[in-house]
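**Student:** Fold the following.
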Amino acid sequence: MLAKEGYNVTQATLSRDLKMLKVGKISDGWSGYYYALPEKDLVSESEKSYIQDVRRGILSIEFSGNFGVIKTRPGHANSVGFALDVLNLPEILGSLAGDDTIFIILREGMTKEDLLESFNARIPEIKD
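**Tutor:** A predicted model of the protein is given here:
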């Protein structure tokens with residue numbers, strides 16, 4: 001999971017996240033370096049991998065207000081939860097994953113329908 005404002009992150013965590021995102025350190029040609037994201041095609045391929053994790057793992061989604069419970073295949077909740085974090089769906093405020101269950105909280109003002117519409121646009125095979 002990427003660092004958020006106000007959170008402390010270790011160098012190891014930051015390095016791992018940058019590597020996972022395929023961010024490269026490039027010399028500026030003078031006295032330093034800058035970080036660059038990969039070409040659009042590589043990001044798309046990476047996103048496809050996370051979408052596959054979600055497709056493979058989710059069995060059902062149920063809501064009560066802005067709280068959701070996602071049931072997954074046994075052992076898939078962590079990878080599905082991580083994929084949802086990386087896909088950065090704007091409707092999801094946060095998630096907590098166990099072995100076969102993910103608890104999600106929707107952002108204020110967002111509804112189950114908003115999330116399902118977002119799923120439909122990016123992960124069409126997901127149904128409620």
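**Student:** Run through the strands of this structure in chain order.
**Tutor:** 24-27, 33-36, 58-64, 67-72, 92-97, 101-106 (DSSP state E).
**Student:** Put together a markdown table for those strands, with mean neighbour count and distance to L14 on each row.
**Tutor:** Using the backbone N, CA and C atoms, a C-beta is placed for each residue, glycine as well. A markdown table is the format used below for the strands of the chain (neighbours: other C-beta atoms under 10 Å; distance: least, C-beta to C-beta, whole Å):
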| stretch | mean neighbour count | distance to L14 |
| --- | --- | --- |
| strand 24-27 | 10 | 12 |
| strand 33-36 | 10 | 11 |
| strand 58-64 | 14 | 29 |
| strand 67-72 | 18 | 28 |
| strand 92-97 | 16 | 20 |
| strand 101-106 | 18 | 25 |
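**Student:** closest one to N8 among these?
**Tutor:** strand 92-97 (17.4 Å; C-beta to C-beta).
**Student:** pLDDT of that closest one, averaged?
**Tutor:** Per-residue pLDDT values over strand 92-97 give a mean of 93.
**Student:** Could you dump the strands of the chain into JSON lines and include distance to I123?
**Tutor:** As requested, the strands of the chain are arranged in JSON lines below (distance: least, C-beta to C-beta, whole Å):
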{"stretch": "strand 24-27", "distance to I123": "28"}
{"stretch": "strand 33-36", "distance to I123": "28"}
{"stretch": "strand 58-64", "distance to I123": "9"}
{"stretch": "strand 67-72", "distance to I123": "12"}
{"stretch": "strand 92-97", "distance to I123": "13"}
{"stretch": "strand 101-106", "distance to I123": "14"}
